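Participant: Can you look at this prediction? I've put the sequence above it.
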Amino acid sequence: MAAGTGVHDRRFDSGRVCLDLVATGEGSGGREQLDRPARLAEWLVASRLVPYGTPLAAVDESWVARFRQLRGVLDRLMASQLGGEGAETALAQVNALAAEPPPGLRAVRGRDGALVRVLPAVPACGELLAAVARDAVDLLTDPVARAGLRRCEGDACSRLYLDTSRGLRRRWCSSEVCGNRERVARHRRRVRAVS
């Protein structure tokens, strides 16, 4: 993902849409990204939950509330995985959402002849929540993926991401942002120690 600050220009790619949803909150070292329906609609496209050009006129404040609620549940569930504790209520909520059908996708020829993703109908909120919840279930039930679940070690950041680096030694959600801040702080400490 390109560096930036907007919904479309997320600073990092967590590796999973469920973790990307968690990263939209203030608790991830930033500001609230899902603060109104238009921003949620932008995020749905940017996260690739819905293909570009999908009509999202039905997105309203109730959608925002439901996605923010799922975000909190996912954050608690992922934190419990990292801490080795149970979060049975959060797990039950994710399982209930994951049991619902996600939106159907089709591949059709675009104007240039290449295959593109489309939804055969305008998606309902519950379908999109189901897609995110299923992604979380996939993550948590895959031992390899689950082993790569990490929380950023940056001072002002608590984003979750999947560490797919060789040796699983990645420490930050973004080497360009959080990693750079840490390197600059380390350099300043060394300079002060020499002075």
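Facilitator: Good, I have the coordinates.
Participant: any idea which helix or strand carries residue 116?
Facilitator: Residue 116 is part of strand 115-118, with elements assigned from DSSP states H and E.
Participant: Pull whichever helix or strand comes after that strand out as PDB, backbone CA atoms only.
Facilitator: With elements assigned by DSSP H and E, the helix or strand that comes after strand 115-118 is helix 125-141. Extracted C-alpha coordinates of helix 125-141, given in PDB (Å, rounded to 0.1, in the frame of the first residue of the first chain):
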ATOM      1  CA  CYS A 125     -24.200  -4.500   5.500                       C
ATOM      2  CA  GLY A 126     -24.500  -8.000   7.000                       C
ATOM      3  CA  GLU A 127     -22.900  -9.600   4.000                       C
ATOM      4  CA  LEU A 128     -19.900  -7.400   4.200                       C
ATOM      5  CA  LEU A 129     -19.600  -7.900   8.000                       C
ATOM      6  CA  ALA A 130     -19.800 -11.600   7.300                       C
ATOM      7  CA  ALA A 131     -16.900 -11.300   4.800                       C
ATOM      8  CA  VAL A 132     -14.700  -9.600   7.400                       C
ATOM      9  CA  ALA A 133     -15.700 -12.000  10.200                       C
ATOM     10  CA  ARG A 134     -14.900 -15.000   7.900                       C
ATOM     11  CA  ASP A 135     -11.500 -13.500   7.200                       C
ATOM     12  CA  ALA A 136     -10.900 -13.400  11.000                       C
ATOM     13  CA  VAL A 137     -12.000 -17.000  11.400                       C
ATOM     14  CA  ASP A 138      -9.600 -18.000   8.600                       C
ATOM     15  CA  LEU A 139      -6.800 -16.100  10.200                       C
ATOM     16  CA  LEU A 140      -7.400 -17.500  13.700                       C
ATOM     17  CA  THR A 141      -7.800 -21.100  12.500                       C
END
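Participant: From the contact counts, what lies against helix 125-141?
Facilitator: helix 17-22, helix 61-83, helix 88-98, helix 143-147 (3 or more CB pairs under 8 Å, 6 or more residues apart in numbering; DSSP states H and E). C-beta: built from backbone N, CA, C; applies to glycine.
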